[in-house]
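# Here's a sequence, model it:
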Amino acid sequence: PFINNLNIGILPKHIWSQYESTNIQLAKQNLQPIGCGAWKFKSLTKDETGMIKTYTLVKNENYYDTKPFFEEISIKFYQTYDQAIDALRNHQVKALSFLPRKYKDKIPLKEFNLYQLQLPQYTALFFNIQTDNILQDLNLRKALATIIDKKSILQEALDGEGRIIYSPILNQTIEQYSLENRNTMELDDANKLLDKTWERIQPEEYFEFKKEEELKNRKEEIDSIITANSSTPEIASTTIEQIKKEIDDRLRNNMDADQSFYRKNKNGEILSLTIITADALEYQTAAKLIKKDWQKLGIITNIETASSKTISSQVIKNRNYEILLYAVIVGSDPDPYAFWHSSQILYPGLNLSGFKNSKADSILVEARGTIDIKEQNKLYKKFQDILNEEIPAVFLYTPSYTFAASTEIK
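Predicted coordinates:
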């Protein structure tokens with residue numbers, strides 16, 4: 001990654017040292033930069049609130065490499081996608097950088113080409129195996145991973161715009177090899193794997209178990225009602241029956257009709273897991289589909305949502321989750337060190353599963369120390385094999401996006 005990091009460039013201290021880091025984005029030198037790239041800044045316009053409306057670049061005649069084919073490019077900014085789509089349809093702009101899926105049918109295909117471009121990110125289920133919880137059981141993680149229907153998730157969450165993945169290595173310079181048929185398991189086999197630790201129980205047995213558990217938790221409250229109404233036992237009896245009915249109704253309402261059985265271990269613990277994800281439709285759809293898949297294993301799956309800001313500032317920072325459904329942006333360099341080396345387990349590291357493996361650590365260090373692509377291929381294959389065996393996460397998909405451009409642009 002060292003070579004890529006050199007692309008950041010050098011900032012002259014006599015210009016930039018006067019700015020606080022929080023003000024750099026709005027600095028004139030940032031909005032009207034001077035550089036040695038293919039384009040030069042020409043002009044910008046703002047609206048009454050100070051928001052940029054247009055930003056114009058012209059060809060740099062002194063550029064050292066192949067010069068741009070256009071003399072000038074003007075970038076326009078819109079407050080809403082509806083405004084941007086109207087501008088495209090009315091030929092006020094020649095291209096739109098990011099076309100949401102729901103707007104695709106509004107684009108006249110005779111006048112515009114739609115290009116599918118890959119985003120440098122992937123979405124995965126990260127098991128928090130750092131904490132002392134049931135997810136440290138490899139058999140459980142194996143059953144959870146192999147039962148997920150990734151094709152349905154890709155189709156329903158993204159309308160098929162993306163591709164299914166089985167590893168965090170996305171870079172095209174690294175040889176891709178399929179892990180699709182590894183650790184594959186039929187539903188019956190996955191259930192038998194869980195049967196070793198988690199006994200199957202029927203819905204009514206689960207209901208009675210949870211009811212008894214709740215009554216035990218409220219024993220002091222019930223005892224105090226009996227004591228307070230010792231001279232009027234009928235009042236005590238009525239109040240206690242109301243409590244039991246409230247517990248019954250709540251338990252019945254929380255039981256999903258699609259779940260045909262439940263699981264309990266020898267310690268009397270019910271198999272229940274919680275997924276936390278961002279409050280975006282894509283992730284919520286994926287989480288609901290995963291929940292349906294896991295119900296076939298007798299697992300209660302709870303879904304919690306939060307804003308992306310809350311997830312990054314609180315949930316991820318404190319590793320406050322059992323299972324995290326989230327997207328990771330990997331950039332152009334294939335190096336997965338920041339996401340999977342054991343030194344990155346604690347914040348601000350990005351090892352979201354708390355994955356720790358000495359062999360994987362050695363491979364990641366060695367891989368980032370060579371620029372030999374063939375050698376990197378060998379090392380990253382070994383790394384992917386280890387992830388596939390340990391299953392610290394389930395890699396779901398990498399999304400694509402639509403770039404709309406006029407047919408006049410070649």
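
# Give the burial count for Q259, as a bare number.
19 (other CB atoms under 10 Å). All C-beta spots, glycine's among them, are computed from the backbone N, C-alpha and C.

# State the distance from the closest residue to it other than its chain neighbours to D258.
Leaving out its chain neighbours, the residue that sits closest to Q259 by CB to CB, 6 or more residues apart in numbering is Q295, at 4.5 Å. Q295 sits 6 Å away from D258, going by CB to CB, to the nearest Å.

# quick one: which of those two has more around it?
Neighbours of Q295 and D258, each counted by other CB under 10 Å, are more numerous for Q295; the result is 18 against 9.

# mind listing what the more buried one touches?
D256, D258, Q259, S260, T301 (CB atoms under 8 Å, 6 or more residues apart in numbering).

# Next up, the contacts around the first one.
Counting by CB under 8 Å, 6+ apart, D256 makes contact with Q295.

# can you rerun that using 10 Å?
The contact partners of D256, by CB atoms under 10 Å, 6 or more residues apart in numbering, come to P203, K291, K292, Q295, I300, T301.

# Just give the number of residues close to the first one.
Read that as P203. P203: 15 neighbours (other CB under 10 Å).

# quick one on the thing from earlier: and the contacts of Q295, which two are the farthest apart?
Greatest spacing in the contacts of Q295, by CB to CB: S260 and T301 (14.2 Å).

# between those two, which one's more packed in?
More crowded of S260 and T301, by other CB under 10 Å: T301, with 22 against 12.

# Now do the SS call for the more buried one.
Going by DSSP: H, G, I helix; E, B strand; the rest coil, the secondary structure assigned to T301 is strand.

# Check the offset of the strand or helix carrying Y401 from the chain's centre.
Counting by DSSP states H and E, the element that carries Y401 is strand 393-406. Counting by CA atoms, centre = their mean, to the nearest Å, strand 393-406 is centred 13 Å from the centre of its parent chain.

# same deal with stretch 227-239?
Mean C-alpha position of stretch 227-239 versus that of the full chain (CA atoms, centre = their mean) differs by 53 Å.

# for the protein, which helix is longest?
In the chain, with assignment by DSSP state H, the single longest helix is helix 233-254.

# low pLDDT regions in this structure?
For the chain, the stretches with pLDDT under 70 are 1, 172-183.

# in it, which residue is closest to the centre?
Central residue of the chain (CA atoms, centre = their mean): Y326, 1.6 Å from the mean position.

# all strands of the stretch 151-300 of the chain, in order?
For the stretch 151-300 of the chain, the strands defined by DSSP state E, counting those that start in this stretch cover 162-164, 199-201, 262-264, 272-278, 300-306.

# Include distance to G331 when you put those strands into a markdown table, please.
Shown next, in a markdown table, are those (distance: least, CB to CB, whole Å):
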| stretch | distance to G331 |
| --- | --- |
| strand 162-164 | 18 |
| strand 199-201 | 45 |
| strand 262-264 | 40 |
| strand 272-278 | 20 |
| strand 300-306 | 25 |
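
# what's the closest of those to S400?
Comparing those by CB to CB, strand 162-164 comes nearest, at 5.1 Å.

# Name the residues of the closest one that are buried.
Within strand 162-164, the residues that count as buried by 16 or more other CB atoms under 10 Å are G162.

# Then stretch 263-283?
Buried-residue list, stretch 263-283, by 16+ other CB under 10 Å: R263, K264, I270, L271, L273, I275, I276, T277, A278, E282, Y283.

# is the first one in a bridge, and if so with what?
The reference is to R263. R200 (DSSP bridges).

# what about the helices in the stretch 1-150 of the chain?
All helices of the stretch 1-150 of the chain, identified by DSSP state H, counting those that start in this stretch, fall at 2-5, 13-16, 28-31, 81-89, 138-146, 150-158.

# Give me the contacts around the last one.
So that's helix 150-158. 101, 123, 149, 160-166, 180, 280-290, 292-293, 394-400.

# hmm, what's the outermost residue in this protein?
Distance from the C-alpha centroid of the chain peaks at S231, with 59.4 Å (CA atoms, centre = their mean).
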